[in-house]
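**Student:** here are the coordinates; sequence isn't available:
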């Protein structure tokens, strides 16, 4: 059902966010629940989310596109590790081909969402356009595809002396076309995925790039193209080849993760040998590329075709492992006493994580604190009715889990319709289930924000295994009536109750 007034619109499902997961959600609703109406609200002016927001040099995926891409739309580009513009085009092409772009309302920022059990629907308050015009949407089911970080600003520590630096300081999340690095001395602060992407890209035009890190990260080289995928695509239909390569890469990723956890020292030596082979026997890999944690305690950094190592070996880039004492007028002074000259400093220091796009939730008049909720199957919150959240994996491609979440939401909606249910709510009533942090990762950006996010539990279905194969069984084939989700049929309104009393009288 859909209705519209001047200031209010009702749909069966309201999707928040038109990024990779939001467009995927639109596709699954269209194809698997064609009788359900939906709309996608996007706070920005364009489709794409992360892949439209980030514009820094060299921006690319850190996962292969056979798993980061949609299961329903084959990735046909020769490069398996794709650049940002190619990924953005893929998302836009998907939205256009499926007619999903016509369901998006841009510059519509969701501020609050309130659930009413009596009415069996969400009331969603938004601000539209540059003038922030207030409007309200209502929906029976709310699907949050907002990602996990603040789109307005990234995380940047307060560096001493920064105000006295005469060069320019830029954060990758706010990269603009007027940032000039040609012939400049550049310092990239950080050692994560963004930093290792930026360094070789900036080194192509700059005088020199220094990657300044407080501590190292595991860095792994991988071919940008998938030879086996190319062979299969020449011999098989596109969708079949895509599916085979997708499962090949999923299983390989699961194997590497499992070995990393089971035999961390062996995996550590394997990774470091690859770095040493790439940089030569005289390079100090122990100092610059050997972390003080085990592989997959934090996410591995992927460098396609060893581009970072090539930039370092050529002399166009270098790595310095030290701590910042202060910015100076002409660069950065380190605690060791060394000073690095710089015309441009890029602070690749991470994301500012955000829960549900900072949307304020309430259920029957009571505010919901996400930090006090527990995640059901990694996609619903305890005691929050008719809401799902698209969240990806930490140890694999984001889209793998989001695809399964979309499939589950469609199964859930169909089940509720078939059985006359209006409301579904995960309830955590098992006293033996204990709380654990939402993600078992030691990355700084996770630790800074972990207390904001819902918890996971020590038992299924509250436990997150970060395992695609197990989630396929649980979300695609698992029972929808597992004794944990509480289903309710429509409540009779006060008017209906009074009318019934009059009839009986």
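**Tutor:** Okay, I see it. Keep in mind that this is a model prediction, so the values were computed, not measured.
**Student:** Sheet partners, orientation included, of the strand or helix carrying residue 320?
**Tutor:** For residue 320, the host element (DSSP states H and E) is strand 317-321. Partner strands and pairing direction for strand 317-321 (DSSP bridges) are strand 208-213 (parallel).
**Student:** still on that earlier bit, and the helix or strand following the strand holding residue 320, what other elements does it pack with?
**Tutor:** Using DSSP H and E, the helix or strand that follows strand 317-321 in sequence is strand 324-327. Contact here means 3 or more Cβ pairs under 8 Å, 6 or more residues apart in numbering; DSSP states H and E; on that basis strand 324-327 packs against strand 331-334. Quick note: C-beta positions are derived from backbone N, CA and C, even for glycine.
**Student:** quick one: strands adjacent to the strand it packs on?
**Tutor:** Neighbouring strands of strand 331-334 in its sheet, by DSSP bridges, are strand 324-327 (antiparallel), strand 339-341 (antiparallel).
**Student:** could I get the ones you listed as CSV with distance to residue 405?
**Tutor:** Output for the strands paired with strand 331-334, formatted as CSV (distance: least, Cβ to Cβ, whole Å):
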stretch, distance to residue 405
strand 324-327, 40
strand 339-341, 44
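**Student:** Nearest to residue 143, out of the ones you listed?
**Tutor:** Closest approach to residue 143 among these is made by strand 324-327 (42.1 Å; Cβ to Cβ).
**Student:** So for residue 429, which of the strands paired with strand 331-334 sits nearest?
**Tutor:** strand 324-327 (49.7 Å).
**Student:** sorry, back to before: return the distance of the strand holding residue 320 from the chain's centre.
**Tutor:** Distance of strand 317-321 from the chain centroid (Cα atoms, centre = their mean, to the nearest Å) equals 29 Å.
**Student:** Who are the contact partners of residue 127?
**Tutor:** 108, 109, 111, 133, 134, 135 (Cβ atoms under 8 Å, 6 or more residues apart in numbering).
**Student:** Just flag the most distant two among those residues.
**Tutor:** 111 and 133 (12.1 Å).
**Student:** returning to that earlier point: out of the strands paired with strand 331-334, which is the most enclosed?
**Tutor:** Highest mean neighbour count of those: strand 324-327, a mean of 18 (counted as mean count of other Cβ atoms under 10 Å).
**Student:** for residue 317, which residues make a bridge with it?
**Tutor:** residue 209.
**Student:** what about it, neighbour count?
**Tutor:** By the measure other Cβ atoms under 10 Å, the count of residues near residue 317 is 24.
**Student:** Distance across stretch 59-73, terminal residue to terminal residue?
**Tutor:** 22 Å (Cα to Cα, to the nearest Å).
**Student:** which residues touch that stretch?
**Tutor:** Here stretch 59-73 makes contact (Cβ under 8 Å, 6+ apart) with 20, 24, 27, 31, 75, 77, 79-84, 87, 90, 94, 97, 172, 193, 197, 226, 229, 242-243, 245-246, 249-250, 253, 299, 301-302, 304, 396-400, 403.
**Student:** returning to that earlier point: minimum distance to residue 448: which of the strands paired with strand 331-334 has it?
**Tutor:** Per Cβ to Cβ, nearest to residue 448 of those: strand 324-327, 17.9 Å.
**Student:** Contacts only, for the residue nearest the centre of the chain.
**Tutor:** For the chain, the residue nearest the mean C-alpha position is residue 147 (4.9 Å; Cα atoms, centre = their mean). By Cβ under 8 Å, 6+ apart, the contact list for residue 147 reads 17, 19, 21, 49, 50, 357.
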